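In: with the sequence up front, the predicted model follows.
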Amino acid sequence: MMKNIAVIYGSDSSEWEVSVRSGEFTASQMDGERYDVYEIFARFGEWSLAAYRKGGSERHVFPDGSRPQIDKTDFSVMLDGVKVKFEYAYIMQHGTPGENGLMQGYLEMLGVPHSGCNAFVSSITFDKFSCKSYLKDVDFVKCADDIFLRKGEAVEGLAQKAADRLGLPMFVKPTDGGSSFGVTKVKSVEDFDKAVEYAFSEGNMLIAEAAIVGRELTCAVYQKGGVNVALPVIEIITENEFFDYEAKYNGHSKEVCPAQIPDALRIEIQETSKKIYAHLGCSGLVRVDYICAEDGLYFLEVNTIPGMTSASLVPQMVRAAGMDMTSFLTAIIENS
C-alpha cells in the first residue's frame, strides 16, 4: 500500500519563496512507485493543497483560489470526496514555523512522523545564540566570540563596546533568521546601529559576532540504519563580502564539490559534523557550516531544513557521493 507523504513548504518568513522551490523539487524527486506525494503550501496559518502525484502518475496542480484546504484537526484533506490522511510529513519550510519547532510540535502532538529534528532540537538549533551556547564548551570545534541583544534592550555605548571586544569587521545578524536576511558585515563603529536596526527588522534577538577569516566549508549529516553518515564537504567561495542572499541564490558564488582540501581536513569536518549532530540530538538531514581559520575550525551554524532546490548544496553533496536524490530521500523518510 502506498504511503501518503505530505511535503510542507512556504513559510511565514522572508525565505518563503526559497522554501517553495525547495519543496517543489523535493516532492518531484520522491519515489512515485512507493509514495503518493501531496504538496502543502502553508503560510500564516493558511494551509492548502497545491499539487499532488498519486501512483506514479503526472503531477496535478491546483490553480490559486481553488486549492483544497487542509484540515488541521487531523492533518488531512478532502480530495474528490475522499478524506486523505497524511501518514508522514516532509518539512521543507525555511524559517518559522517549519524550522523553529512549531510545525514539529504540531505533528508530534498528532502522532504524525516527520523528517528532521524534533520540536525541541529544532527550536534550539534555529536560534544561533542558543545553538552556540550548547557548543561553546566542547573540545571538537571553536565558536566565534559574540554579544547577544534582545529588541528593546538599551546598552549605552554598545557599538564601541562591541568593536572593542569583537574587533572590526564583525557580523550583526538575527539569531533566528536564514538565507542571510538581516545580516550585515560591520566595518566601522558608525555602521553598527544601522546594522542592529536591519537585524531587528527580521527578528527580536540578534548577535554581534567576531568575523573569522578563513575558508567557508559545509557538510551535511543524515541517518541511515541507525548510523550517522556524513556527505562530501563543499567549499563556498563568494564574490561578495560574505555568503549573502545574492551570493546564495543569484550566482555570485562558486561552490566546489567535493572541496579541494587535504584528506585530514575533510575527515575532521565530517567527523566534527557527526559529533555536532549527536551532541545537539539531531535527526534526519542537517547541514553544518564552518569557517576554517588558521587557528582551527569554527562553527557557524546548523541548518535543520537545508535548501533543496536542484542547485542547492545538499543535492550537490548527494550527487558527489554517487547517489541519486530519489533513493536519498527514501532513506531519509524510511529512517525517520
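Out: Now that the structure is in, tell me what you want to look at.
In: partner residues bridging residue 303?
Out: residue 287 (DSSP bridges).
In: got the phi/psi numbers for the residue nearest to residue 56 when sequence neighbours are not counted?
Out: Nearest non-adjacent residue to residue 56, counting by C-beta to C-beta, 6 or more residues apart in numbering: residue 32, 3.7 Å away. C-beta here means a position set from N, CA and C on the backbone, and glycine is covered the same way. Main-chain dihedrals, residue 32, degrees, to the nearest 10: phi -70, psi -10.
In: list the contacts for residue 32?
Out: Residue 32 sits next to 53, 55-57 when contact means C-beta atoms under 8 Å, 6 or more residues apart in numbering.
In: cool, residue 150 as well?
Out: 204-205.
In: in the sheet, who's paired with it?
Out: residue 205.
In: kindly report the same for residue 227.
Out: Here residue 227, judged by DSSP bridges, has bridge partners residue 224.
In: gap between it and residue 278?
Out: 11 Å (C-beta to C-beta, to the nearest Å).
In: residue 156 now?
Out: For residue 156, the distance to residue 278 - C-beta to C-beta - is 42 Å.
In: the more surrounded of those two?
Out: residue 278 (11 against 6; other C-beta atoms under 10 Å).
In: for this structure, just list every one of the helices.
Out: For the chain, the helices defined by DSSP state H occupy 16-29, 102-110, 119-126, 128-135, 158-166, 192-200, 245-249, 263-280, 313-320, 325-334.
In: the second one packs against which elements?
Out: With contacts taken as 3 or more C-beta pairs under 8 Å, 6 or more residues apart in numbering; DSSP states H and E, helix 102-110 sits against strand 88-91, helix 119-126.
In: for the last one, the distance to its chain's centre please.
Out: The gap between the average C-alpha position of helix 119-126 and the chain average comes to 11 Å, counting by C-alpha atoms, centre = their mean, to the nearest Å.
In: average pLDDT for that helix, rounded please.
Out: For helix 119-126, the mean pLDDT works out to 96.
In: right, and residue 198 touches residue 186 too?
Out: No. Between residue 198 and residue 186 no contact is recorded; they are 10.2 Å apart, counting by C-beta atoms under 8 Å.
In: higher neighbour count, the two?
Out: It is residue 186, of residue 198 and residue 186, that has more neighbours when counted by other C-beta under 10 Å, with 23 against 17.
In: what bridges to that one?
Out: Residues in beta-bridge contact with residue 186 (DSSP bridges): residue 170.
In: state the distance from it to residue 163.
Out: 8 Å.
In: and the end-to-end length of stretch 257-264?
Out: Distance across stretch 257-264, first residue to last, is 17 Å (C-alpha to C-alpha, to the nearest Å).
In: that stretch: how far from the chain's middle?
Out: Using C-alpha atoms, centre = their mean, the offset of stretch 257-264 from its chain centre is 23 Å.
In: burial count for residue 78?
Out: Neighbour tally, residue 78, other C-beta under 10 Å: 13.
In: swap in the one 4 residues further on?
Out: Residues near residue 82, counting by other C-beta under 10 Å, number 7.
In: so for it, what's the pLDDT?
Out: pLDDT at residue 82 comes out at 97.
In: same thing with residue 95?
Out: 90.
In: now do it against residue 108, distance only.
Out: Distance from residue 95 to residue 108, by C-beta to C-beta: 19 Å.
In: give me the more crowded residue out of those two.
Out: Taking neighbours as other C-beta under 10 Å, residue 95 and residue 108 compare with residue 95 leading, 24 against 15.
In: count of residues packed around the closest residue to the more buried one other than its chain neighbours?
Out: Distances taken as C-beta to C-beta, 6+ apart put residue 13 closest to residue 95, at 2.7 Å, once the chain neighbours are dropped. A total of 24 residues lie near residue 13 under the criterion other C-beta under 10 Å.
In: minimum distance to residue 173: which of the helices of the chain has it?
Out: helix 192-200 (5.7 Å; C-beta to C-beta).
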